[in-house]
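Colleague: Build me a model:
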Amino acid sequence: MLFSPVVAALWVYGLVRLWRVPALATSRPFAWAFVLLVAFFLATGGKAYYLTGLVPVLLAAGCCGLAERWSRRALVATGAVVALVAIPFWPAGLPVLSPHAFGASFYSGINEDQGEMIGWPAFVRTVDDAVRASGATAVVAQNYGEAGALDWYGSSVPVYSGHNGYADWGHPVGSTGPFVLVGYDTVPAWAQGCRVVAHVDNGEGVDNEEQGGAVRVCERPSGPWASVWPQVRHLDA
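Modeller: Numbers count the residues shown, from 1 in each chain. Alright, predicted model coming up:
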């Protein structure tokens, strides 16, 4: 759906060619990689876009197959059809609709990750308001998207997250005082003295992962950050 069904037919044709055409034997590992990764990501809950890096290879194999068989006129006509049919699917992968229009459309169900790009400035303002009101010295975010948004738009205090590779940036150092906790549905065991001070509103009514989420101020971690950080770390999509 991200590329359109017509484009899917073309890369599926390319996938078959990689297996069947002797001249493409040296490129066959791309076909095996694609199939094995599809199975792996289906089993582990991976996201659809994880495989987009391999799709151009399959498309190239499909296009070359058509170029060998069809006339120039047929190729031009096919290219035009592929381009035109792809246009209705652009909003699923590109920010061509307004945030409100995207959230109200079926495109938000095709690509939830684009919905996660909406509302970060409002999210950061809400968190920063909590930081200033509480005197917190750090923010701990549940996922790397939230932490990245706070870093990008400029949080007034250092930002940390135990999510995936973001956890390798490290834990708060030199402070066990109050911190702001965001993105957690419930208070984790390692956070103590937490209270809800605000809720996130992206201002567009888009029902993404952050919308309506609680912003909490916590008095302290349950121990030194170095000792509780293994509990904060988590691996998931």
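Colleague: got the contact list for the residue nearest in space to the middle of the chain?
Modeller: Geometric centre of the chain, nearest residue: residue 113, 4.8 Å, by Cα atoms, centre = their mean. Contacts of residue 113 were listed using Cβ atoms under 8 Å, 6 or more residues apart in numbering, and they are 47, 49. C-beta coordinates here come from the backbone N, C-alpha and C atoms, glycine included.
Colleague: got the domain boundaries for the chain?
Modeller: Using automatic domain parsing, the domains assigned to the chain come out as 5-94, 115-232.
Colleague: can you put the ones you listed in JSON lines and add mean neighbour count and distance to residue 103?
Modeller: Converted to JSON lines, the domains of the chain look like this (neighbours: other Cβ atoms under 10 Å; distance: least, Cβ to Cβ, whole Å):
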{"stretch": "domain 5-94", "mean neighbour count": "14", "distance to residue 103": "11"}
{"stretch": "domain 115-232", "mean neighbour count": "18", "distance to residue 103": "3"}
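Colleague: how about those domains in a markdown table, adding mean pLDDT?
Modeller: Formatted as a markdown table, those follow (pLDDT from 0 to 100):
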| stretch | mean pLDDT |
| --- | --- |
| domain 5-94 | 92 |
| domain 115-232 | 94 |
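Colleague: so which of those comes closest to residue 104?
Modeller: Taking Cβ to Cβ, domain 115-232 is the member of the domains of the chain nearest to residue 104, at 7.9 Å.
Colleague: This structure: strands as residue ranges?
Modeller: 139-141, 159-161, 179-182, 191-192, 195-199, 214-218, 220-221 (DSSP state E).
Colleague: most remote residue from the protein's center?
Modeller: Quick read of the chain (Cα atoms, centre = their mean): farthest out is residue 71, 40.9 Å.
Colleague: ranges for the helices of the chain?
Modeller: Secondary structure of the chain, counting by DSSP state H: helices at 5-20, 28-44, 55-69, 72-86, 90-93, 99-104, 107-110, 112-115, 120-134, 144-153, 225-232.
Colleague: who wins for proximity to residue 208 among these?
Modeller: helix 112-115 (4.4 Å).
Colleague: what about the closest one, distance to the chain center?
Modeller: Put simply, helix 112-115 sits 7 Å off its chain's centre (Cα atoms, centre = their mean, to the nearest Å).
Colleague: Ok, stretch 1-12 next?
Modeller: How far stretch 1-12 lies from its chain's middle: 21 Å, per Cα atoms, centre = their mean.
Colleague: As CSV, could you dump the C-alpha coordinates of it?
Modeller: Output in CSV follows, covering the C-alpha atoms of stretch 1-12 (Å, rounded to 0.1, in the frame of the first residue of the first chain):
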residue,chain,number,x,y,z
MET,A,1,0.0,0.0,0.0
LEU,A,2,2.9,2.4,0.6
PHE,A,3,4.0,2.0,-3.0
SER,A,4,0.6,1.3,-4.6
PRO,A,5,-0.6,-2.1,-5.9
VAL,A,6,0.5,-1.5,-9.4
VAL,A,7,4.1,-0.9,-8.2
ALA,A,8,3.8,-4.0,-6.1
ALA,A,9,3.1,-6.0,-9.2
LEU,A,10,6.2,-4.7,-10.8
TRP,A,11,8.5,-5.5,-7.9
VAL,A,12,7.0,-8.9,-7.4
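Colleague: which residues are in contact with that stretch?
Modeller: Residues contacting stretch 1-12 (Cβ under 8 Å, 6+ apart): 48-49, 52, 55, 58-59, 62-63, 66, 81-82, 85-86, 88-89, 92-93, 110-111.
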